[in-house]
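Student: The sequence and its predicted three-dimensional model are supplied below.
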Amino acid sequence: MMNHPKRSVRSRLATATAIGAAAIMALTSCGGSGGQEAAQQEFTGEYTGPPVELSYWNGFTGGDGPFMKKMVKEFNAEHENITVKSNTMQWADFYQRLPAAVTAGEGPDVGVMHLDQLATNAARNVIVPVDDLAESLELTADDFSEEVWNAGVYKDARYGIPLDVHSLAMYYNTEHFKKAGIKEAPTDAESFEAALKKLEAAGYETPFWMPAKWPSHLMNLSLLWQNGGDPYNGDEAKATFDSEAGVKALEWQRSMVEKGYSPGDVAIDSQYVAFKNGKTSITWDGIWQINDLKASGLPFEAAPVPTIGSEDAVWANSHNFFLPRQASPDADKTNAAKVFIAWMSENSDEWAGAGMIPARESVRTSGVLDGTFQQPIAERIDTMRFLPAIPGIGAVQAETLEVAVGNAVLGKEEPKNALTEAAKKASTLMEENEAQFGN
């Protein structure tokens, strides 16, 4: 199984979160920001202080790793008084180690994490606000999609500066499409099923495998949003993925099995491996798979996920730069870290090579995406949806929604029943988290 930004964390994230809870609680008990703000100096956009070495933590261990290494190397070459040392680890290890390291005063000087982890780490005082950085660089929603920019805010403070967005995409085998007489990528429910029928008629018996696990719950979220629903209500600490929109989404997923387009029991990653090997015609997966598919030699194209419901929407996530809380704040290192974040954001055109979509519109429209596989997905950036800034939501989802989707896809439970029970459990967990996180 290949190692990429999401697969390495999905199966162990809940465990990692639980293991790190004790360390995070220690941070919470410290209360306010203490000397953190007191040690900060006004950020001018430049660093002219003495030479400093910054520890930079990230989880880019897959095909995106070489691109991040190149960016760090270029930054170091341009800044004589700042040396960035990368500490790269699996994402699951990253989320487990970070709170413990910050508690012990051994955390990094700067780091990058997934957008859906910001609220949890902010609530536990693992990371600190970066509003001053955004303000000094004059970064606003005008240079980002509104969804990804707003998603970095928790309790009226900004905790992340987006590097990219990465969403689900539809990949299709161009040779299969040609043989089946399909000239264009399907864009809605009608054209998608018409394509599946043509592929069946052309001899591809199960052209679209529906997984029971990853990334099936991401498909479900996409379809739920397409049907006009929302998975969670943070204000009321309530899961709402069992709404009519969520049920319709899961019923459609199960229908892919019932209509014979997919085998009945698709193991984790099997749908991607089958597509990569030319055994299936279409798959929905993250854009982080682009470089792996290119290297495989498979004849394929990428397109936005079809709008099966009534609204254009697709699940997405984002890598965000952050500043961790420091036991002994160093103003020079803090300002040097801000220079690093600013430079990485401004030079994120390099990151497009990793198959990602730069978060900044000024970078996206510079021509860096022209001719890339992710270009048609990037053109739909305003349709990308992100999980709300609710502490602990990742672990809650792993224990509830992911399980319900898997059981329904496998035919073990009816979609409505599976989602109803999962939503009850999720709401209970969200209420517990609300008390635990001190909201």
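Tutor: Good, I have the coordinates.
Student: now stretch 68-81: mean pLDDT?
Tutor: If you average the pLDDT over stretch 68-81, you get 97.
Student: Which positions in it come out as buried?
Tutor: Within stretch 68-81, the residues that count as buried by 16 or more other CB atoms under 10 Å are 68, 71-72, 75, 79. For the C-beta atoms, the positions are set from N, CA and C on the backbone; glycine is no exception.
Student: for residue 252, helix, strand, or coil?
Tutor: Three-state assignment for residue 252 (DSSP: H, G, I helix; E, B strand; the rest coil): helix.
Student: From residue 213, how far off is it?
Tutor: Distance, residue 252 to residue 213, by CB to CB, to the nearest Å: 17 Å.
Student: for this protein, which spans come out with low pLDDT?
Tutor: Scanning the chain with the threshold set as pLDDT under 70 gives 1-44, 438-439.
Student: mind redoing it with 80?
Tutor: Across the chain, the ranges flagged by pLDDT under 80 are 1-45, 438-439.
Student: centroid residue for it?
Tutor: Most central in the chain under CA atoms, centre = their mean is residue 317, positioned 2.6 Å from the mean C-alpha point.
Student: hey, what's that one bridged with?
Tutor: Taking DSSP bridges as the rule, residue 317 bridges to residue 166.
Student: Identify the residues contacting stretch 173-192?
Tutor: The contact list for stretch 173-192 (CB atoms under 8 Å, 6 or more residues apart in numbering) reads 170, 172, 194-195, 198-199, 201-204, 207, 252, 275, 278, 280-282, 298-301, 303-304, 306-309.
Student: Just the buried positions in stretch 322-329, please.
Tutor: For stretch 322-329, by 16+ other CB under 10 Å, it's 322-326, 329.
Student: Can you give me the first-to-last residue distance of that stretch?
Tutor: End-to-end span of stretch 322-329 (CA to CA, to the nearest Å): 15 Å.
Student: With stretch 103-123 instead?
Tutor: End-to-end distance for stretch 103-123, by CA to CA: 14 Å.
Student: How far off centre is that stretch?
Tutor: Centroid separation for stretch 103-123 versus its chain: 15 Å, with CA atoms, centre = their mean, to the nearest Å.
Student: And the buried residues of stretch 68-81, which is closest to residue 99?
Tutor: Distance to residue 99, by CB to CB, is smallest for residue 68 among the buried residues of stretch 68-81, at 22.5 Å.
Student: Surely that closest one is in contact with residue 354?
Tutor: Yes: contact status for residue 68 versus residue 354: in contact at 7.4 Å, counting by CB atoms under 8 Å.
Student: between those two, what contacts are shared?
Tutor: What both residue 68 and residue 354 touch, as defined by CB under 8 Å, 6+ apart, is the set residue 60.
Student: how deep is residue 269 tucked in, by neighbour count?
Tutor: By the criterion of other CB atoms under 10 Å, residue 269 has 17 neighbours.
Student: For the stretch 1-150 of the chain, which segments are assigned as helices?
Tutor: Assigned by DSSP state H, counting those that start in this stretch, the stretch 1-150 of the chain shows helices spanning 7-10, 13-19, 21-28, 65-78, 91-103, 118-123, 131-136, 146-150.
Student: remind me, longest helix of the chain?
Tutor: What stands out as the longest helix in the chain, according to DSSP state H, is helix 415-436.
Student: And for that helix, what's in contact with it?
Tutor: Applying CB under 8 Å, 6+ apart, the external contacts of helix 415-436 come out as 232, 237-242, 246-247, 250-251, 254, 390-393, 395-397, 399-401, 403-405, 407-408, 412.
Student: Got a PyMOL select line for the buried ones in those?
Tutor: Buried subset of the contacts of helix 415-436, written as a PyMOL selection, criterion 16+ other CB under 10 Å:
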select buried, resi 232+237+239+240+241+242+246+247+250+254+390+391+392+393+395+396+397+400+401+403+404+405+407+408
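Student: Which members of the contacts of helix 415-436 occur in helices, if any?
Tutor: Using DSSP H, 246-247, 250-251, 254, 393, 395-397, 399, 401, 403-405, 407-408 are the members of the contacts of helix 415-436 that sit in helices.
Student: from those residues, which single one is nearest residue 160?
Tutor: When the ones in helices among the contacts of helix 415-436 are ranked by distance to residue 160 (CB to CB), residue 393 comes first, at 15.1 Å.
Student: Wait, the closest one touches residue 233, no?
Tutor: No: contact criterion CB under 8 Å: residue 393 and residue 233 do not qualify, at 11.6 Å.
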